[in-house]
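Trainee: I'd like to go over a predicted model; first the sequence, then the structure.
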Amino acid sequence: MTFTQSSIKKTVGEKNQLPSLVTEAQPQVSEAEMIEAVKTLLIGLGENPDREGLKDTPKRVVKALKFLTSGYHQSLDELLNGAVFHENADEMVLVRDIDLFSSCEHHILPILGRAHVAYIPNGKVIGLSKIARICEMYARRLQVQERLTAQIADALQGLLKPQGVAVVVEASHMCMVMRGVQKPGSWTSTSALRGVFADDAKTRQEFMNLIQHRPRFNN
Ligand SMILES: Nc1nc2c(ncn2[C@@H]2O[C@H](COP(=O)(O)OP(=O)(O)OP(=O)(O)O)[C@@H](O)[C@H]2O)c(=O)[nH]1
Ligand SMILES: [Zn+2]
C-alpha cells in the first residue's frame with residue numbers, strides 16, 4: 001500500500017511553517033450531504049435509517065466525526081496562546097502518559113493510546129499543558145501512528161528549537177482488535193527522536209528509562 005498525499009493541501013493561515021493537512025473535498029461538501037451519506041451507509045448495512053433509534057444517528061455521526069477530526073481546524077499559534085517562555089533551563093522536561101484518542105486513516109476506527117514527550121530546552125520552555133494540546137491537535141485527525149508521532153516531535157522542534165525532542169507513542173488500534181486480524185492484546189510503539197536524543201545514546205537511554213519508571217503517585 002502506498003500513502004499518497006496528492007489530494008492534500010496546507011491549511012490557509014497556518015503559521016510556523018508546519019503543514020496542517022486537510023482534504024481538498026472538505027469545504028465542498030455540506031453538512032446535509034454528509035448526513036445523507038451516513039444515511040446511505042446505514043441503508044447499505046441493512047438498517048432502516050428512519051426507525052426511531054436511528055432517526056438522528058446520521059446527524060450524530062457527522063457531529064462525532066467532526067469532533068474526532070477537529071484537529072484539522074486548529075493551529076499551533078492558536079493553541080499555544082503565547083505560552084512559550086524564555087528560561088535558562090537545560091535539563092530534560094518530560095510529560096508522560098498523555099492519553100491519546102485518534103482515528104486510523106485506513107478504517108476510521110479508534111487508535112487508543114498514550115504519548116510520552118520530552119525535550120531539552122535551549123533558552124525557551126513551553127507551557128506543559130500545551131504539550132498535551134499539541135498531541136491532541138495531531139491526534140484529532142485521520143492518522144497513522146508513525147506520522148502522529150513525528151508531527152508531535154516536529155512541532156516542538158519547530159517551536160522551541162530545543163537541544164532535542166523525543167516522542168514515544170504507545171497505542172492499540174481498534175482496526176487490529178475489533179476486526180481484521182483481531183489481536184486485542186497487541187499494541188504498537190513508535191518513536192520520533194530529534195537533535196540530541198537522536199545523536200546521543202546516553203540522553204536517549206535516560207529518556208527511555210524515565211518513561212519505563214513507574215511513578216509513585218497515580219492521579
Ligand atoms: N503503519 C501503520 N499501519 C497502520 C496503522 N493503522 C492501521 N494500519 C494498517 O494499515 C493496513 C491496511 O492494510 P490493507 O490490507 O489495505 O487493509 P485491510 O484489508 O483492512 O487489512 P487488515 O487490517 O489486515 O484486515 C493494515 O495492515 C493496518 O493494520 C498505522 O497507524 N500505521
Ligand atoms: Zn485501521
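Mentor: Structure received. Residues are numbered from 1 along each chain as shown. Ligands and ions are numbered 1, 2, ... in the order given.
Trainee: which residues does the residue most central in space within the chain contact?
Mentor: The residue lying closest to the centre of the chain (C-alpha atoms, centre = their mean) is Ala139, at 1.9 Å. Counting by C-beta atoms under 8 Å, 6 or more residues apart in numbering, Ala139 touches Gly71, Leu100, Phe101, Ser102, Ile111, Leu148. The way it works is simple: take the backbone N, C-alpha and C, and place the C-beta from them, glycine included.
Trainee: mind redoing it with 7 Å?
Mentor: Contacts for Ala139 (C-beta atoms under 7 Å, 6 or more residues apart in numbering) come out as Gly71, Leu100, Phe101, Ser102, Leu148.
Trainee: Please check those and keep the buried ones.
Mentor: With neighbours counted by 16 or more other C-beta atoms under 10 Å, those contain buried members at Gly71, Leu100, Ser102, Leu148.
Trainee: Nearest to ligand 1, out of these: which one, please.
Mentor: Leu148 (7.5 Å; C-beta to the nearest ligand atom).
Trainee: And the helix or strand encompassing that closest one, what does it pack against?
Mentor: Using DSSP states H and E, Leu148 maps to helix 145-160. Applying 3 or more C-beta pairs under 7 Å, 6 or more residues apart in numbering; DSSP states H and E, one finds that helix 145-160 contacts strand 110-120, strand 124-126, helix 128-139, strand 164-173, strand 188-195.
Trainee: re earlier: quick check: the residue nearest to the centre of the chain vs Gly123, distance?
Mentor: Distance from Ala139 to Gly123, counting by C-beta to C-beta, to the nearest Å: 28 Å.
Trainee: Could you do Gln143 as well?
Mentor: Using C-beta to C-beta, Gln143 is found at 31 Å from Gly123.
Trainee: Compare the two (neighbour count), which wins?
Mentor: Between Gln143 and Gly123, counted using other C-beta atoms under 10 Å, Gln143 has the larger neighbour count: 23 against 13.
Trainee: Leaving aside the residues adjacent along the chain, what's closest to that one?
Mentor: Of all residues beyond its chain neighbours, the one nearest Gln143 is Ser102 (4.8 Å), with distances taken as C-beta to C-beta, 6 or more residues apart in numbering.
Trainee: Spit out the contact partners of the one you found.
Mentor: Ile111, Ala139, Gln143, Leu148.
Trainee: Format those as CSV; extra columns: distance to ligand 1 and pLDDT.
Mentor: Shown next, in CSV, are the contacts of Ser102 (distance: C-beta to the nearest ligand atom, whole Å; pLDDT from 0 to 100):
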residue, distance to ligand 1, pLDDT
Ile111, 6, 98
Ala139, 12, 98
Gln143, 6, 98
Leu148, 7, 98
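Trainee: Please render the residues you listed as a markdown table that adds distance to Ala118 to the earlier fields.
Mentor: Below are these laid out as a markdown table (distance: C-beta to C-beta, whole Å):
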| residue | distance to Ala118 |
| --- | --- |
| Ile111 | 21 |
| Ala139 | 18 |
| Gln143 | 21 |
| Leu148 | 16 |
